[in-house]
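Peer 1: Here's a sequence, model it:
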Amino acid sequence: MRPTLRLLLCLALAFGISGCAKRESLVEQGARDQVLHYGIGPEPQDLDPQFLQVNPHITVMMALYEGLVAYDPVDLHPVPGVAERWEVSADGLTCTFHLRRDARWSNGDPVTAHDFVFSFRRILTPALGSPYAYYLDVIRGAADYRNGRITDFSRVGLRAPDDHTLVVELGQPAPFVLFLAGSFAWMPLHRATVEKAGPIDRPFSGWTKPGVHVGNGPFVLKEWKLGDKIVVGRNPHYWDAARVRLNAVHFHLVENEETEERAFRNGQLHITEFVPNAKLDAWRRSAPGQLRTGPFFSTYFYAFDTTKPPFDRVEVRRAFSLALDRAALVAAFPQNGMTPARSFVVPGVEGYAYEGANELRFDPAEARRLLAAAGYPDGAGFPAVDITFNSASRHQRVAEVLQAMWQQHLGVRLSLHNAESKVYNAERVQRKYLLSRAGWVGDYLDPHSFLEVYLSTGGQNTTGFANREYDDLLKVALGTRDPAERNRLYRQAEDILLRELPLIPLFYDGKPHLVHPAVRGWHPNLLDLHPVRNIWLESPAK
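Peer 2: Coordinates of the predicted model:
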């Protein structure tokens, strides 16, 4: 063969082989470059931790910010964060945090105790309207300040005697205060960046945009492409940067569960936030090691606006609850790890389980009697009501099952209202609904984490429910040191909640994810918190 022909043939073969070679997927490329592709569901409203809306976005907050404490990735016990050590006084009322001297903001500025005082003052400012300001209510005077009963912030139990010491004085003992100290609501903000964007009581002022944002977490904000992804890269100023193994994380914004599952299947994601119910069984059969399902400290429920007819009457709310066969509802989702709810607080908290006359049950005859007593025999004359839920296949399916049960057992015909997540969240907060899907994920393993939601002053209480006895029981329980007595008080409070029913608990959730074999350092846990600073990637053996 002539040399020129041989060369042309070799080139043709080379190009042909190259052209037919399998293109490297994002997952494969990410494992090689330590770039994690993580699905986090719908787009966040903002990257301000004081305005977090949904649980999956906590993962982003833990990448961009760090609180006084951090969480162990396996069992979530508090470990040193910005504070390298702390002491709690013998009476449980004073926590002293000692901040590490090498803690830095992403622009190189030192992180100080004064940054925390500023951040706490901002979230507690009534005009800001943070839905999570109540996370600081354990601090002396915090609730009074955020509700406008006092206007002098120096009366709130926070002191920074120097740059590296933060003293937090509690109104009463709170056994879970260290866990709260690592939560998104307690995370510090860079004062100069926030104030440059406008008054501290103006939300969404633009300081969280790429190129403007300054955080103190293990990663820095690089890009936010609306409707697509949020990209973070390593923060070289982070105090423990040497132990962070990922170079970047791409948080993919995917509203639809089926789209997210397809992206995982096609090598575009290492971790999904959701798994469509219809696909769970197939994944369990074909790749059981990649489907991670565990118990979750979460209750799925529907909430009423208790201030508007027809749900301003407790008889109607009770009728709607008694007409639901929760076992049949859960049977419609056989692979999802869900269990029928018998109470609001998820079982599993050590020493606590609701036991009382108002345990949730299925009793359609009693439901019809109560609805008739309220003036709607067999549903006659019942007004038009929408079942409001946000976009996701499971939410749609649950709403359809409830719609059928209420029609069958009560004779009421309700319409379905499917709202995009941002609209749904806004309508829920503004109480532009009568009956709306909701859910709650406990922030710490304690009954208070659930029951405080329905305090009359609770920032997440969107039902209009207010009960003085309920509020008082929770206040007394919070200051009770004896665990058995404290749990007894919580049972009394939950009994009131299940009697008045501003919400209808439906089931306790399981939490499935799809996790690629390359992912290391990701651990299932009851609160589904996964600090990305502890995750790295290894290409699986072929």
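
Peer 1: How many neighbouring residues does Gly351 have?
Peer 2: 9 (other C-beta atoms under 10 Å). For glycine as for every other residue, the C-beta is placed from the backbone atoms N, C-alpha and C.

Peer 1: Contact partners for it?
Peer 2: By C-beta atoms under 8 Å, 6 or more residues apart in numbering, the contact set of Gly351 is 483-484, 487.

Peer 1: What helix or strand is it located in?
Peer 2: Using DSSP states H and E, Gly351 maps to neither a helix nor a strand.

Peer 1: Would you mind measuring from it to Arg486?
Peer 2: 9 Å (C-beta to C-beta, to the nearest Å).

Peer 1: what's downstream of the helix or strand where His37 lies, the next helix or strand?
Peer 2: In the assignment (DSSP H and E), His37 maps to strand 35-39. The helix or strand immediately downstream of strand 35-39 is helix 58-64, counting by DSSP H and E.

Peer 1: Give me the residues contacting that following helix.
Peer 2: 38, 40, 44, 47, 49, 52, 184, 187, 213, 215, 217-221, 230, 232, 249, 251, 529-533.

Peer 1: can I have that helix written out in PDB, keeping just the CAs?
Peer 2: Extracted as PDB, the C-alpha positions of helix 58-64 are listed here (Å, rounded to 0.1, in the frame of the first residue of the first chain):
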ATOM      1  CA  ILE A  58     -31.000  23.700  52.700                       C
ATOM      2  CA  THR A  59     -28.300  21.800  50.800                       C
ATOM      3  CA  VAL A  60     -27.500  25.000  48.900                       C
ATOM      4  CA  MET A  61     -27.500  27.100  52.100                       C
ATOM      5  CA  MET A  62     -25.100  24.600  53.800                       C
ATOM      6  CA  ALA A  63     -22.800  25.000  50.800                       C
ATOM      7  CA  LEU A  64     -22.800  28.900  50.900                       C
END
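
Peer 1: pLDDT of it, averaged?
Peer 2: Per-region confidence: helix 58-64 scores 97 on mean pLDDT.

Peer 1: Sheet-wise, list the partners of the lengthiest strand in the chain with their directions.
Peer 2: Ranked by number of residues, the top strand in the chain under DSSP state E is strand 291-304. Using DSSP bridges, the strands paired with strand 291-304 are strand 435-441 (antiparallel), strand 503-514 (antiparallel).

Peer 1: OK, contacts around Asp305?
Peer 2: By C-beta under 8 Å, 6+ apart, the neighbours of Asp305 are 311, 431, 433-435, 462-464.

Peer 1: Same list, the residues you listed, but as a markdown table with distance to Arg101, neighbour count and pLDDT please.
Peer 2: Formatted as a markdown table, these follow (distance: C-beta to C-beta, whole Å; neighbours: other C-beta atoms under 10 Å; pLDDT from 0 to 100):
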| residue | distance to Arg101 | neighbour count | pLDDT |
| --- | --- | --- | --- |
| Phe311 | 55 | 21 | 98 |
| Arg431 | 47 | 16 | 89 |
| Tyr433 | 49 | 23 | 95 |
| Leu434 | 54 | 20 | 96 |
| Leu435 | 53 | 23 | 97 |
| Thr462 | 43 | 23 | 93 |
| Thr463 | 46 | 25 | 96 |
| Gly464 | 48 | 16 | 95 |
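
Peer 1: Reformat those as TSV; add distance to Ala518 and secondary structure.
Peer 2: Converted to TSV, these look like this (distance: C-beta to C-beta, whole Å; DSSP: H, G, I helix; E, B strand; the rest coil):
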residue	distance to Ala518	secondary structure
Phe311	49	coil
Arg431	45	coil
Tyr433	42	coil
Leu434	47	coil
Leu435	43	strand
Thr462	40	coil
Thr463	44	coil
Gly464	48	coil
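
Peer 1: how about these in JSON lines, adding distance to Ala83?
Peer 2: JSON lines is the format used below for these (distance: C-beta to C-beta, whole Å):
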{"residue": "Phe311", "distance to Ala83": "45"}
{"residue": "Arg431", "distance to Ala83": "38"}
{"residue": "Tyr433", "distance to Ala83": "41"}
{"residue": "Leu434", "distance to Ala83": "45"}
{"residue": "Leu435", "distance to Ala83": "44"}
{"residue": "Thr462", "distance to Ala83": "33"}
{"residue": "Thr463", "distance to Ala83": "36"}
{"residue": "Gly464", "distance to Ala83": "39"}
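
Peer 1: Residues touching the helix or strand just after the longest strand of the chain, excluding its own?
Peer 2: As assigned by DSSP H and E, the chain's next helix or strand after strand 291-304 is helix 314-322. Outside helix 314-322, the residues that touch it by C-beta under 8 Å, 6+ apart are 304, 306, 310-311, 360-364, 366-368, 370-371, 373-374, 376, 406, 410, 435, 499-502, 504.

Peer 1: returning to that earlier point: for the record, mean pLDDT for the strand holding His37?
Peer 2: The pLDDT scores in strand 35-39 average 98.

Peer 1: what's the angle from that strand to strand 503-514?
Peer 2: Angle, strand 35-39 to strand 503-514, by axes from the mean of the first three to the mean of the last three C-alpha atoms, to 10 degrees: 150 degrees.

Peer 1: Which member of the contacts of Asp305 is positioned nearest Ser298?
Peer 2: Thr462 (17.4 Å; C-beta to C-beta).

Peer 1: Give me the residue ranges of this protein where confidence is low.
Peer 2: Scanning the chain for pLDDT under 70 picks out the ranges 1-22, 334-335, 540-542.

Peer 1: domain parsing for it?
Peer 2: 26-41+211-293+512-537, 66-192, 296-510 (automatic domain parsing).

Peer 1: Reformat the ones you listed as TSV; add distance to Asp201.
Peer 2: Converted to TSV, these look like this (distance: least, C-beta to C-beta, whole Å):
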stretch	distance to Asp201
domain 26-41+211-293+512-537	19
domain 66-192	4
domain 296-510	16
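
Peer 1: what residues does stretch 499-507 touch?
Peer 2: Outside stretch 499-507, the residues touching it (C-beta under 8 Å, 6+ apart) are 299-304, 306, 314, 317-318, 320-321, 324, 326, 329-330, 338-341, 343-344, 358, 360, 398, 402, 438, 454, 461, 463-465, 467, 497.

Peer 1: Which positions in it come out as buried?
Peer 2: Residues of stretch 499-507 classed as buried: 500-507 (neighbour count, 16 or more other C-beta atoms under 10 Å).

Peer 1: what ranges do the strands span in the stretch 351-500 of the chain?
Peer 2: Under the criterion DSSP state E, counting those that start in this stretch, the stretch 351-500 of the chain contains strands at 386-390, 415-419, 435-441.

Peer 1: mind saving the C-alpha coords of the last one as CSV?
Peer 2: Looking back up the chat, that one is strand 435-441. The C-alpha trace of strand 435-441 is given here as CSV (Å, rounded to 0.1, in the frame of the first residue of the first chain):
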residue,chain,number,x,y,z
LEU,A,435,-57.7,23.8,51.4
SER,A,436,-54.1,23.4,50.5
ARG,A,437,-51.4,20.7,50.3
ALA,A,438,-48.7,21.2,52.9
GLY,A,439,-45.9,19.2,54.6
TRP,A,440,-43.6,19.7,57.5
VAL,A,441,-40.0,18.4,58.0
